[in-house]
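>>> Please work out how this folds:
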Amino acid sequence: MVIANLISYILVLTGALNWGLFGIFNFNLVSTIFAGPRTVGSIIVYSLIALAALWLIISPIITNGALKLMGHREVKETDRA
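Model (predicted):
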């Protein structure tokens, strides 16, 4: 679940960066990379970003409010001092 959360954050940040570039400079990064806004690559990226956003909304509900970005770490007795 930690890996899914990290990948989702990266995808959502990529989508936010794309929206920022489009809003400020009228430059669509995804459509520039895939040579058009309605190409197969662009549609896949947009769909993955949307699914990642949905995952970040649903994930805390599934885990009772915890959105984990790091794995479980055990604390040793020597580390407590």
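>>> Could you pull out the helices in the protein for me?
In the chain, the segments counted as helices under DSSP state H are 2-25, 29-33, 40-62.
>>> what helices or strands is the last one leaning on?
This points to helix 40-62. helix 2-25, helix 29-33 (3 or more Cβ pairs under 8 Å, 6 or more residues apart in numbering; DSSP states H and E). Yep, even glycine has a C-beta here, placed from its N, CA and C like the rest.
>>> outside of it, which residues touch it?
Residues from elsewhere that reach helix 40-62, judged by Cβ atoms under 8 Å, 6 or more residues apart in numbering: 1, 4-5, 7-9, 11-12, 14-15, 30-31, 33-34, 36, 66-67.
>>> Going through the residues you listed, which ones are buried?
Among these, those classed as buried by 16 or more other Cβ atoms under 10 Å are Asn5, Ser8, Leu11, Val12, Thr14, Gly15, Val30, Ser31, Phe34.
>>> count of residues packed around Pro37?
When counting by other Cβ atoms under 10 Å, one arrives at 12 neighbours for Pro37.
>>> Name the nearest residue to it, sequence neighbours excluded.
Spatially, and ignoring its direct neighbours in sequence, Pro37 is nearest to Ser31 (4.0 Å; Cβ to Cβ, 6 or more residues apart in numbering).
>>> ok, the one you found - contacts?
Counting by Cβ under 8 Å, 6+ apart, the residues that Ser31 touches are Pro37, Thr39, Ser42.
>>> Including distance to Pro60 and pLDDT, could those go into CSV?
Below are the contacts of Ser31 laid out as CSV (distance: Cβ to Cβ, whole Å; pLDDT from 0 to 100):
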residue, distance to Pro60, pLDDT
Pro37, 32, 91
Thr39, 33, 96
Ser42, 29, 96
